[in-house]
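[1] I would like the atomic coordinates for the input below:
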Amino acid sequence: MDHQRPFSPDDWIELLPWLEALAQRLVADPGAAADLAQETALVATRTSGVSLDSSRAWLRRVLWHRFLRHRRVESCRRERERPAAR
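    Have a look, this model is predicted:
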């Protein structure tokens, strides 16, 4: 991958399986892992200036932050629903 150009479809063909595998290590649910990987890819397509030579490190960091957000949202949801479950 050349670091002077934006992400191409070929780049995503190469990176998406790696990104999904990384997400799967963070969450047990395969559907949630696929969602995290897709959200991360969406962030990358909307961000300019990311060099492809450091794309894996950058994507890993974006995925981590999406995971933390997912975990916070789920925790808040459980807290909100706990009184109703009693």
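
[2] Helices of this structure, start to end?
    Residue ranges of the helices in the chain, as given by DSSP state H, are 9-26, 30-46, 55-85.

[3] Which secondary structure elements does the shortest one sit against?
    This points to helix 30-46. helix 9-26, helix 55-85 (3 or more C-beta pairs under 8 Å, 6 or more residues apart in numbering; DSSP states H and E). (C-beta placed from N, C-alpha, C; glycine too.)

[4] hmm, back to that, pick the most deeply packed of the helices of the chain.
    helix 30-46 (a mean of 16; mean count of other C-beta atoms under 10 Å).

[5] any idea of the pLDDT on Trp58?
    In this model, Trp58 is scored at 88, pLDDT.

[6] I'd like the helices and strands packed on helix 30-46 laid out as TSV, including distance to Glu39.
    Listed next are those as TSV, based on distance: least, C-beta to C-beta, whole Å:
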stretch	distance to Glu39
helix 9-26	9
helix 55-85	5
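
[7] To Ala41, which of those helices lies closest?
    Ala41 lies closest to helix 9-26 among the helices and strands packed on helix 30-46, at 6.5 Å (C-beta to C-beta).
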